[in-house]
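The following block contains a protein sequence and its predicted model.
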Amino acid sequence: MIFWLLLLGIFTYFIVRRSVANVTKTPVWLLWLVMMLPAFVWTGWAIFNPDDRQIPLLLLLLPFVFSSITYLVLVQRGRITRPTAQTDPPSAQLSAQTAPAANQPAIQAISREEEAHLQNCFPWSVYYLQNIEHKPQALICKGQLRTSPDLAYKTIAENVKGYFADRFLVVFQEGLSGKPFFALVPNPQAKAVDNSAKQSAVTRPLLALGLLVATLLTTSLAGVLMANPSLDKPNLALLPSGLPYALALLAILGTHELGHYLAARHYRIQATLPYFIPVPPLLAFPFGTFGAFIQIRSHIPNRKALFDVGLAGPLSGFIMTLPILVWGLAHSTPVPLSGESGLLNFESFKPTASLLLALLSKLSLGAGLGAETALRLHPVAIAGCLGLVITALNLMPVGQLDGGHIVHAMFGQRRGANIGQVARLLLLLLAWAVQYEFRFWAILLLFMPVYDEPALNDVSELDNGRDVLGLLALAVLVMIILPAPSTVTRFLF
């Protein structure tokens, strides 16, 4: 319990610091303390009531409501004001969303001659420019869109580049009124020289390889403990017995991140190689890794690229997970169902805790799996279950998670953020009422920003095929996190 609270505290601190440190004078430590208040209250309740797994509804809601209101008040009281803040378009906080550096310098004023050239970059038949607003960190160009968003962005971005070279990034976004506007922000990579050398520096293959080897070792040690439950600590002599778990888990995590990486390279987006996070297997966290990640180091060109990069990871990982999970479930041992059985209890795994896992378990074991049967999972099945849970958590439509990118690309930044708000509240209610294993993640999601960074062309919509794929991805999320309904269990068992 203390381990998870510490981990949550670290994540929350970095999230708060990244989100508001540059927009308010209120100390970050105070904002962090306010945001952590619900976790402190709920952890205290769990410590003093170890036999009761259900937190009272009033105790669940009051700390959250109080914390949220206090957090907003503290941010507003210390907010750093700017002379032009009242006229900034709310949908484009450009200094924070379109620039990789939080302390990006103010935009250099353009001369009247340059402004005249800028006006000429907007053909009236493409985008009828009505006025240009000079902001501290952007030039806001407002007008009427007269053609398709794709053609408008392509034409104007080429015209701006033709006169200003790489001095500006051209961003195309929707305003609160629904009318799209252009914004020119300083290009932080304007002085970069060699793209090939830059990409090589970004990927850092030796670091990626070193982390992969270290994670293979820690996950193999974790696999030793899973394959030999009688051991108190890993035995290096038994290391080969841990390899099936390690290789299965690294295959799932690596395929997920490699999907992101290859999609990013397809769109010429700079990205690091997959970095694995090794963790010695501990009693509180016995899996041997915190997962893997890549870092995007350049701007996403459009919502199509945002969707493809966001979906490629969970889709690749899910495809890799399915055969691993089916094989592992087929080699798992049926045991009697008990009150301790659950989604993450691998000694007494409850298949009906997830609709998708119930279907896969029945497919793998057939008549060997009954309504009152749990499973002692094979180490490969543990890796498959972790892969499925990781896929679900990444598909949550919140902020900079893969699901957040997907709904942003499908519905736009503002509507995607609203979907994220609803989704994380629904997950909190689900975790409180049914899926206790998701409580930690549900609490963590409350502290994540619901907005992710806009694409350069954040107006052009997706095609119907991608919309269907996005809806299918969200359906997979629902099938993983929702328990199997009684009608399904009666039919299966």
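Alright, I've got the coordinates.

Next up, the contacts around Ala417.
Counting by CB atoms under 8 Å, 6 or more residues apart in numbering, Ala417 makes contact with 408, 450-451. C-beta: built from backbone N, CA, C; applies to glycine.

Select from those every entry located in helices.
The subset of the contacts of Ala417 located in helices under the criterion DSSP state H comprises His408.

Please report which of the contacts of Ala417 has the highest neighbour count.
His408 (31 neighbours; other CB atoms under 10 Å).

That one contacts Arg303, correct?
Yes. With contact defined as CB atoms under 8 Å, His408 and Arg303 form a contacting pair (7.4 Å).

returning to what we had before: which one among the contacts of Ala417 gets closest to Gly339?
Val450 (36.7 Å; CB to CB).

which residues sit in contact with the closest one?
398-399, 404, 417, 420-421, 424.

Kindly reformat these as a markdown table containing pLDDT.
Shown next, in a markdown table, are the contacts of Val450 (pLDDT from 0 to 100):
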| residue | pLDDT |
| --- | --- |
| Val398 | 90 |
| Gly399 | 85 |
| Gly404 | 94 |
| Ala417 | 89 |
| Gly420 | 91 |
| Gln421 | 90 |
| Arg424 | 89 |
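
Include secondary structure and distance to Phe346 when you put the residues you listed into TSV, please.
Conversion of these to TSV gives the following (DSSP: H, G, I helix; E, B strand; the rest coil; distance: CB to CB, whole Å):
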residue	secondary structure	distance to Phe346
Val398	coil	27
Gly399	coil	30
Gly404	helix	29
Ala417	helix	36
Gly420	helix	31
Gln421	helix	33
Arg424	helix	27
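
could I get those residues as CSV with distance to Gly259?
As requested, those are arranged in CSV below (distance: CB to CB, whole Å):
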residue, distance to Gly259
Val398, 20
Gly399, 20
Gly404, 17
Ala417, 25
Gly420, 22
Gln421, 27
Arg424, 24
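
List just the nearest of those residues to Leu118.
For the contacts of Val450, the nearest to Leu118 is Ala417 (30.5 Å; CB to CB).

Tell me the spacing between Val434 and Leu337.
16 Å (CB to CB, to the nearest Å).

Neighbour count: these two, which is higher?
Taking neighbours as other CB under 10 Å, Val434 and Leu337 compare with Leu337 leading, 18 against 13.

residues touching the more buried one, list them.
For Leu337, counting by CB under 8 Å, 6+ apart, the contacting residues are 348, 350, 372-374.

Which entries within those meet the buried criterion?
Among the contacts of Leu337, those buried by neighbour count (16 or more other CB atoms under 10 Å) are 348, 350, 373-374.

where does this protein have low pLDDT?
1-12, 14-15, 17-23, 50-55, 57-58, 60-61, 64, 79-109, 189-203, 282-285 (pLDDT under 70).

ok, and the closest non-adjacent residue to the spatially most central residue of it?
The chain has Leu401 as the residue nearest its centroid, 1.3 Å off, counting by CA atoms, centre = their mean. Nearest residue to Leu401 in three dimensions, chain neighbours excluded: Asn394, at 5.7 Å (CB to CB, 6 or more residues apart in numbering).

burial of that neighbour, as a residue count?
Using other CB under 10 Å, Asn394 has 22 neighbouring residues.

The one 3 residues further on now?
Neighbour count of Pro397, defined by other CB under 10 Å: 27.

cool, Leu216 as well?
Neighbours around Leu216, by other CB under 10 Å: 20.

cool, and Val468?
11.

how far away is it from Glu257?
25 Å.

same thing with Glu437?
Counting by CB to CB - Glu437 and Glu257 are separated by 24 Å.

again, but for Ile419
25 Å.

the more surrounded of the two?
Between Ile419 and Glu257, counting by other CB under 10 Å, Glu257 is the more crowded of the two (24 against 21).

Which pair in the buried ones among the contacts of Leu337 has the greatest spatial separation?
Ser348 and Thr373 (10.2 Å).
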